[in-house]
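Enquirer: here's a sequence, model it:
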Amino acid sequence: MRFLSLNRLWPAAALLAACAVNPATGKKELSLVGEGQEIALGEETAASTRATIGLYPNTELQRYVGTLGQKLAAISERPSLPWSFEVIDDPEVNAFAAPGGKIFVTRGILPFLDSEAELAGVLGHEIGHVTARHSARQITRQQLATVGLVAGSLLSDKVAQMAGGLQAGLGILFLSYSRGDESQADELGFRYMRRGAFDVREMPNVFAALGRVGSLAGGGKVPAWQSSHPDPADRQAKAEQRARGLPADSLRGAIVNHDGYLRAIDGIVFGANPRQGYFDGTRFLHPDLRFRFEFPSGWKTVNRADAVVGASAKEDAVIQLSLGGQLSPEAALQKFAQQQGVQTSPAERVTVNGLSGVTSEFQVQDPQQGTMAGRVLFVTYGGNTYQMLGYTTGTQYPGYSGVLRQSLQSFGSLTDPAALNRQPAHLSLVRVPRAMTIEEFHRQYPSTVRMEVIAAINGVKPGETIAAGTTVKRVQ
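Expert: Predicted coordinates for the structure are as follows:
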């Protein structure tokens, strides 16, 4: 997705016409993005998110999160937006809002929360980003600075589309909110929790959980996505201060729903799901599709829902593996070569680890990046045709051509029983029969992750005692 920057200063009258009242704050502010544009951008971003990351395949959990989110959105200042609340199949601890009311939480954050009220705090925070139009404000700033907003990719839109992945729509997610925006979203999340009758005393627990996640990363370091956010400890202190400022009787009967929340997340996949493919060093192994593929040493790699992508250490070359449909390799290559601006060399039939395929070098003329050059390989295996691309700039291609071809031709069948049988870890619940420390719990009910992780997802500190009858999370 690409936003046109302003190439000239707008007349004062036009700027005044672009002023609008912020629904959440009641203040006037300059905005070059109307509500219709917000909704369109949100729809595009949501589609890209679903395509590149994928939704978590649990209908009941999706319904639970969606129902809670809609309840909160209905009492916000923008109830008529086309809100949606979805759990994406990502092990990272994260949640984010796209413009126009598209909210996503990762499955990775859910085990670190402990009640429906805490989840309401997370969703309320993201709703606050939308109601306060933080994305629209950031886009306006980008436009006024004549900065074109593009996805964080070395490739232009044309090459990204040709590759069949690297959705440009995710570019909106790289907008960085200010610390002021984050603090305002915290305040709005508190507001929506109050309106929804949720116990706002649970909100500090969310920030405590983020702090625990940061500690697990080592040295108290917060996750990369949180680098622009206020410190979790400061946010926790402010949330506690807000809660203390309320009359005590006003919180009587407020919703917490600890047990209901735990039932909703019971059995959720914890950590990376190897059935969707996983990395073993430079090798990518996919047990369900029974294939293996190897990236060059030192390359950065990522497994997305629509493709497996690797970038060179200098980020000046890319290798991508994706499903190419049901066409034969020859037909798939012909379709690839018919794209506008693509020039291919004569097709070369090859046998790759016993599999029949066809390969060709190609060039793409792009007005922004210049000439892009690379190699494409199509192989049929297991009833599917796979597309493998390796590409860089035209001037650098001769130096990369051998490495790219070697990696593309590493595709083959996966036969290792250990890899084929590898299973994901799942969250499970145990009601402890007696008081015990978290260390004792970990010994009596062992998990496949270290004890510090079990302590973090249960919100307890090492050495802390768990009361008898408490429902405790473990990972198996």
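Enquirer: from here on, contacts and neighbour counts on C-alpha atoms
Expert: Noted.
Enquirer: so what's the closest residue in space to Gly100 that isn't next to it in sequence up against?
Expert: Excluding its sequence neighbours, the residue lying closest to Gly100 (CA to CA, 6 or more residues apart in numbering) is Ile39, at 4.1 Å. Ile39 makes contacts with Leu81, Pro82, Pro99, Gly100, Gly101, as judged by CA atoms under 8 Å, 6 or more residues apart in numbering.
Enquirer: which one of those is nearest to Val403?
Expert: Val403 lies nearest to Pro99 out of the contacts of Ile39, by CA to CA, at 40.6 Å.
Enquirer: quick check: which element contains the residue lying closest to the closest one once chain neighbours are set aside?
Expert: Leaving out its chain neighbours, the residue that sits closest to Pro99 by CA to CA, 6+ apart is Gly42, at 4.5 Å. Using DSSP states H and E, Gly42 sits within helix 35-52.
Enquirer: pLDDT of that helix, averaged?
Expert: Averaged across helix 35-52, pLDDT comes to 88.
Enquirer: tell me the buried residues in it?
Expert: 38-39, 41-46, 48-52 (16 or more other CA atoms under 10 Å).
Enquirer: before we move on, what about stretch 234-254?
Expert: Quick answer for stretch 234-254 (16+ other CA under 10 Å): Arg235, Gln236, Lys238, Ala239, Glu240, Arg242, Ala243, Leu251, Ala254.
Enquirer: from those residues, which land in helices?
Expert: The helices, defined by DSSP state H, take in Arg235, Gln236, Lys238, Ala239, Glu240, Arg242, Ala243 from the buried residues of stretch 234-254.
Enquirer: quick check, nearest of these to Val449?
Expert: Closest to Val449, out of all of those and judged by CA to CA, is Gln236, at 26.8 Å.
Enquirer: ok, now which ones touch that closest one?
Expert: Gln236 sits next to Met203, Pro204, Asn205, Val206, Phe207, Ala208 when contact means CA under 8 Å, 6+ apart.
Enquirer: most neighbours of all these, which one?
Expert: Highest neighbour count within the contacts of Gln236, by other CA atoms under 10 Å: Met203, with 26 neighbours.
Enquirer: ok, so what distance separates that residue from Gly54?
Expert: Per CA to CA, to the nearest Å, Met203 is found 28 Å from Gly54.
Enquirer: swap in Asp186?
Expert: 27 Å.
Enquirer: so which of these two has more stuff around it?
Expert: Applying other CA under 10 Å to Asp186 and Gly54 shows that Asp186 carries more neighbours, namely 23 against 17.
Enquirer: ignoring the adjacent residues along the chain, who's closest to that one?
Expert: Excluding the flanking residues, the one nearest Asp186 by CA to CA, 6+ apart is His125, at 5.3 Å.
Enquirer: A strand includes the one you found, no?
Expert: No. Looking at His125 with DSSP: H, G, I helix; E, B strand; the rest coil, it is helix, so not inside a strand.
Enquirer: and it, what does it touch?
Expert: Ala185, Asp186, Glu187, Leu188, Gly189, Phe190.
Enquirer: might you report the residue contacts of Ser297?
Expert: Ser297 makes contacts with Thr282, as judged by CA under 8 Å, 6+ apart.
Enquirer: hang on, the earlier thing: which one of the ones in helices among the buried residues of stretch 234-254 is nearest to Glu440?
Expert: The shortest approach to Glu440 among these belongs to Gln236, at 28.9 Å (CA to CA).
Enquirer: would you say Leu321 is within a helix?
Expert: No. Going by three-state DSSP, the assignment for Leu321 is strand, not a helix.
Enquirer: pretty sure it is touching Phe378, no?
Expert: No. Here Leu321 lies out of contact with Phe378, judged by CA atoms under 8 Å, at a distance of 9.9 Å.
Enquirer: who has more neighbours out of the two?
Expert: Counted by other CA under 10 Å, Leu321 and Phe378 do not tie: Phe378 has more neighbours, with 30 against 25.
Enquirer: give the helix, strand or coil label for that one.
Expert: Following three-state DSSP, we place Phe378 in the strand state.
Enquirer: so it makes contact with Glu361?
Expert: No. Distance between Phe378 and Glu361: 12.0 Å, which falls outside the contact criterion (CA under 8 Å).
Enquirer: show me what contacts Trp83?
Expert: Trp83 makes contacts with Gln70, Ala73, Gly100, Gly101, Lys102, Ile103, as judged by CA under 8 Å, 6+ apart.
Enquirer: can you do 7 Å?
Expert: By CA atoms under 7 Å, 6 or more residues apart in numbering, the contact set of Trp83 is Gly101, Lys102.
Enquirer: list phi and psi for it.
Expert: Per-residue torsions, Trp83: phi -70, psi 150 (degrees, to the nearest 10).
Enquirer: how close does it sit to Leu246?
Expert: As judged by CA to CA, Trp83 and Leu246 stand 30 Å apart.
Enquirer: Val130 now?
Expert: Here Val130 is placed at a distance of 26 Å from Leu246 (CA to CA).
Enquirer: over to Thr359?
Expert: Distance from Thr359 to Leu246, counting by CA to CA: 68 Å.
Enquirer: what do you get for Arg349?
Expert: Separation of Arg349 from Leu246 (CA to CA) stands at 73 Å.
Enquirer: for the stretch 1-150 of the chain, give me the ranges with low pLDDT.
Expert: 1-20, 28-33, 136-150 (pLDDT under 70).
Enquirer: ok, 80 please
Expert: Applying pLDDT under 80 to the stretch 1-150 of the chain picks out residues 1-33, 135-150.
Enquirer: Val342 touches Gln363, doesn't it?
Expert: Yes. Assessed by CA atoms under 7 Å, Val342 is found in contact with Gln363 at 5.9 Å.
Enquirer: more neighbours: which of those two?
Expert: Legend: neighbour count by other CA under 10 Å for Val342 and Gln363, higher for Gln363 (20 against 17).
Enquirer: just give the nearest non-adjacent residue to that one, would you?
Expert: Setting aside the residues directly before and after it, Gln363 is nearest to Ala373 in space (CA to CA, 6+ apart), at 4.3 Å.
Enquirer: and that neighbour, how many residues sit next to it?
Expert: As a burial measure, Ala373 scores 24 neighbours (other CA under 10 Å).
Enquirer: tell me the secondary structure for it?
Expert: When classified by three-state DSSP, Ala373 comes out as strand.
Enquirer: ok, what's across the strand from it?
Expert: Beta-bridge partners for Ala373, by DSSP bridges, are Gln363, Thr392.
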